[in-house]
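Visitor: sequence and predicted structure, then a few things I'm wondering about:
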Amino acid sequence: MNERVTWQLYNGAALDYDEYRPRYPHAIFDILTDYHSALAPLRSAVDVGAGTGIFSRQLMASVPSIERLTCIEPNCDMAAVAKERSATFRGLDVLAGFAEMLPLPNHSCELVTAATAANWFDRPLFYQEAARVLKPSGTLLLLQNKHRHEESAFLDDFASLQERYIPGFRRDHYSDFWGGYGKADFEAELSSRHDLVAVKRYKLEWRQRTSAEQFRGYCQSGHIKTAIARSGAATIAKELDALLDRHQDASGYVTVDWLTDLVLSRAPPRRQ
């Protein structure tokens, strides 16, 4: 099993994904701008594994210098929603494609991003492709929204629920290219390469207050679907209801503690 198979998890989940998945802190774009500030302006970008275009739209809205942004997405349902929801963004296109074989020319963009997506990739091949399509000194930005379950009784309980009902799932592990779950240390992986340099890492902690109903929608947009397929919708709904009953406040809301983990690197400068 590989990325071409595992991405089918999102068949039929695209609308829930776009509605209920968290957005990204605005501080990301300040960090990106500072990292790239001494180099050529960010005018062309590609967002790989773009899903429904959540991060793509944030990127275009937050970095006004970007004139052209290409979303690369292998799942047809997700790509269709990305096209629909991004139609008002001039210069934003959606293409079918995979991280390991980007449908873009050599040295064609200043920025490559992957937002809560690179865990799915065959990353050595993806890094090779990112280095190929980046212009000299172009920037690679990887970011991952992660639950801070070690600081939250609610998220600790949620991780335990997933460990009980999703075969192979373990907290701090993420869906991988091979159809299982693994750890992904982007910083260490990039630091070992010569075609991507100047690696930097940032961690942004933030908090989201969300209704119990919204959290159920979030669950329906991802690999809880695997638990439902294995144990039945009624069983998983009962578990989620019990989880939310234990942790929601009097208004029916729960607090989700997030860590957005950013890793930046760049292509080497042009040789003189």
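Guide: On my side now, so go ahead.
Visitor: what are the boundaries of the strands in the chain?
Guide: For the chain, the strands defined by DSSP state E occupy 44-48, 68-72, 92-95, 109-115, 134-147, 174-175, 181-182, 197-211, 253-266.
Visitor: with respect to G168, which of the ones you listed lies nearest?
Guide: With Cβ to Cβ as the criterion, G168 lies closest to strand 181-182 of the strands of the chain, at 5.2 Å. The C-beta positions use only the backbone N, C-alpha and C, and glycine is treated the same way.
Visitor: can you tell me which residues contact I28?
Guide: I28 is in contact with 143, 204, 260, 262, counting by Cβ atoms under 8 Å, 6 or more residues apart in numbering.
Visitor: where do the helices sit along the stretch 1-150 of the chain?
Guide: Under the criterion DSSP state H, counting those that start in this stretch, the stretch 1-150 of the chain contains helices at 3-6, 14-20, 27-36, 54-62, 76-85, 123-133.
Visitor: remind me what the last one packs against, helices and strands.
Guide: Spelled out, it's helix 123-133. strand 44-48, strand 109-115, helix 186-191 (3 or more Cβ pairs under 8 Å, 6 or more residues apart in numbering; DSSP states H and E).
Visitor: can I get the strands of the chain in JSON lines with mean pLDDT?
Guide: Output for these, formatted as JSON lines (pLDDT from 0 to 100):
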{"stretch": "strand 44-48", "mean pLDDT": "98"}
{"stretch": "strand 68-72", "mean pLDDT": "98"}
{"stretch": "strand 92-95", "mean pLDDT": "96"}
{"stretch": "strand 109-115", "mean pLDDT": "97"}
{"stretch": "strand 134-147", "mean pLDDT": "97"}
{"stretch": "strand 174-175", "mean pLDDT": "90"}
{"stretch": "strand 181-182", "mean pLDDT": "92"}
{"stretch": "strand 197-211", "mean pLDDT": "98"}
{"stretch": "strand 253-266", "mean pLDDT": "98"}
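Visitor: to Y127, which of the ones you listed lies closest?
Guide: Y127 lies closest, by Cβ to Cβ, to one member of the strands of the chain: strand 134-147, at 7.9 Å.
Visitor: name the helices or strands packed onto the closest one?
Guide: Judged by 3+ Cβ pairs under 8 Å, 6+ apart, strand 134-147 is in contact with helix 27-36, strand 109-115, helix 153-165, helix 186-191, strand 253-266.
Visitor: in that strand, which residues are buried?
Guide: 134-135, 137-147 (16 or more other Cβ atoms under 10 Å).
Visitor: quick one: that strand to helix 153-165, angle?
Guide: 100 degrees (axes from the mean of the first three to the mean of the last three Cα atoms, to 10 degrees).
Visitor: quick one: work out the angle between strand 134-147 and helix 27-36.
Guide: Using the same axes, to 10 degrees: strand 134-147 against helix 27-36 is 150 degrees.
Visitor: pull up the pairing partners for strand 134-147, direction included.
Guide: Here strand 134-147 has these sheet partners by DSSP bridges: strand 109-115 (parallel), strand 253-266 (antiparallel).
Visitor: deepest of the ones you listed, which one?
Guide: strand 109-115 (a mean of 25; mean count of other Cβ atoms under 10 Å).
Visitor: and that one, how far from the chain's centre?
Guide: Centroid displacement of strand 109-115 relative to its chain, using Cα atoms, centre = their mean, to the nearest Å, is 12 Å.
Visitor: and stretch 193-213, by the same measure?
Guide: How far stretch 193-213 lies from its chain's middle: 9 Å, per Cα atoms, centre = their mean.
Visitor: for that stretch, which positions count as buried?
Guide: Here stretch 193-213 shows 196, 199, 204, 208, 210, 212 as buried, counting by 16+ other Cβ under 10 Å.
Visitor: from the residues you listed, which is closest to L155?
Guide: For these, the nearest to L155 is Q208 (11.1 Å; Cβ to Cβ).
Visitor: show me the contacts for the nearest residue to A212 once chain neighbours are set aside.
Guide: The shortest distance from A212 to any non-neighbouring residue, by Cβ to Cβ, 6 or more residues apart in numbering, is to L244 (4.4 Å). Residues near L244 by Cβ under 8 Å, 6+ apart: 212, 215-216, 254.
Visitor: one more pass at 10 Å, please.
Guide: Contacts for L244 (Cβ atoms under 10 Å, 6 or more residues apart in numbering) come out as 154, 157-158, 211-213, 215-216, 252-254.
Visitor: having no further points to raise, I will conclude here.
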